[in-house]
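K.L.:
fold the stuff below for me.
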Amino acid sequence: MPQDKTGDSGFPSSKLAVLRKHPMFSELEPAALDQLCRYAKHSMLKRGTTIASRGDPGNSLIAVISGTVKISVSSADGRSAILNLIGPGEIVGEVAVLDGLARTADVVANTNCEIFVIDRRDFLPFVRSQPALAMKLIELLCTRLRWTSDQVEEVILQNLPGRLASALLRLTDKHKLAPGGRTIAITQQEISEMVGMTRESINKQLRAWAGRHWVRLEHGAIVVLNAEPLRALTEAGGGSEGD
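P.N.:
Numbers count the residues shown, from 1 in each chain. The predicted model follows:
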């Protein structure tokens, strides 16, 4: 990795630039951003790297700079459920950092990732001194709670088409991707773990929608071509499998 150039503040200019562009920290005053630079530790991770495991101490906050991080849980019999996919401009581990309790899920690099890690001992005093950042954290927690509530509602009330359509729409809306060609970097196995259905059922449904030009299937990705019929499915409760 190339050596970072040092800016006027004494910190690597690339580090300052990345933190300045991160939505969670973009509104910090220059002095506060300099202070955050003292705490943030930069890491480049290969796909599949375990960042944290369920039950680990919640002693750090992870800011995602590039790539995607998977939040998941596993059962004793080997079944896995994906709770969320966290992308650039988002943070991971805020709950355990704030309450000081153990991690509630596994955190794994779903792609090659660039992250900053900030120790809890540094981050909590910093948040107390930055009310605007504290408000952003509250907003983030509310967003995550709504996301979880939506997932629970879908699993309980919707059938497979409705659950799958809702998941695709949430993933595209979440990352604010451009309409008309919205690409979701997710495999069919991963989305099956997100909606709680078998990969075979997911594949059958996606192929039916691909035949109607609602989606396009790519290697390791799903492209939403027409969001309106998917939205109609979620509002109607799903329809029958194969619709």
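K.L.:
mind checking how far whichever strand or helix holds P125 is from the chain centre?
P.N.:
Using DSSP states H and E, P125 sits in helix 120-128. Mean C-alpha position of helix 120-128 versus that of the full chain (Cα atoms, centre = their mean, to the nearest Å) differs by 23 Å.
K.L.:
contacts only, for R47.
P.N.:
By Cβ atoms under 8 Å, 6 or more residues apart in numbering, the contact set of R47 is A109, N110, T111, N112, C113. Quick note: C-beta positions are derived from backbone N, CA and C, even for glycine.
K.L.:
can you tell me how far H219 sits from E94?
P.N.:
33 Å (Cβ to Cβ, to the nearest Å).
K.L.:
tell me the contacts of the most centrally placed residue in the chain?
P.N.:
The chain has I86 as the residue nearest its centroid, 1.4 Å off, counting by Cα atoms, centre = their mean. By Cβ under 8 Å, 6+ apart, the contact set of I86 is V64, T68, V69, K70, I71, V92.
K.L.:
buried ones in stretch 16-24?
P.N.:
Buried residues in stretch 16-24, counting neighbours by 16 or more other Cβ atoms under 10 Å, are found at L16, V18, L19, H22, M24.
K.L.:
can you show me the CA trace of the helix or strand hosting the third one as PDB?
P.N.:
Assigned by DSSP H and E, L19 falls within helix 13-21. Once side chains and other backbone atoms are set aside, the C-alpha atoms of helix 13-21 remain, and they are given as PDB (Å, rounded to 0.1, in the frame of the first residue of the first chain):
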ATOM      1  CA  SER A  13      -3.900  13.500   4.100                       C
ATOM      2  CA  SER A  14      -5.600  10.500   2.700                       C
ATOM      3  CA  LYS A  15      -6.900   9.500   6.100                       C
ATOM      4  CA  LEU A  16      -8.300  13.000   6.700                       C
ATOM      5  CA  ALA A  17      -9.900  13.000   3.200                       C
ATOM      6  CA  VAL A  18     -11.600   9.600   3.800                       C
ATOM      7  CA  LEU A  19     -13.000  10.600   7.200                       C
ATOM      8  CA  ARG A  20     -14.100  14.000   5.800                       C
ATOM      9  CA  LYS A  21     -16.200  12.200   3.100                       C
END
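K.L.:
now the residue nearest to the centre of the chain. Nearest residue, chain neighbours left out?
P.N.:
V69 (4.4 Å; Cβ to Cβ, 6 or more residues apart in numbering).
K.L.:
quick check: the one you found vs T234, distance?
P.N.:
To T234, V69 is 26 Å away according to Cβ to Cβ.
K.L.:
of those two, which one has the most company?
P.N.:
More neighbours surround V69 than the other of V69 and T234, with 26 against 22 (other Cβ atoms under 10 Å).
K.L.:
can I assume that one is in contact with I91?
P.N.:
No - with contact defined as Cβ atoms under 8 Å, V69 does not count as touching I91 (9.7 Å).
K.L.:
pull the longest helix from this protein.
P.N.:
helix 131-157 (DSSP state H).
K.L.:
give me the angle between that helix and helix 120-128.
P.N.:
Calculated by axes from the mean of the first three to the mean of the last three Cα atoms, to 10 degrees, helix 131-157 forms an angle of 110 degrees with helix 120-128.
K.L.:
list of residues touching the helix or strand following helix 131-157?
P.N.:
With elements assigned by DSSP H and E, the helix or strand that comes after helix 131-157 is helix 160-174. By Cβ under 8 Å, 6+ apart, the residues outside helix 160-174 that reach it are 85, 87, 147, 150, 154-155, 158, 182, 184, 186, 191, 194-197, 201-202, 205-206, 215, 222, 224, 227, 230-231, 233-234, 236-243.
K.L.:
alright, calling it a day.
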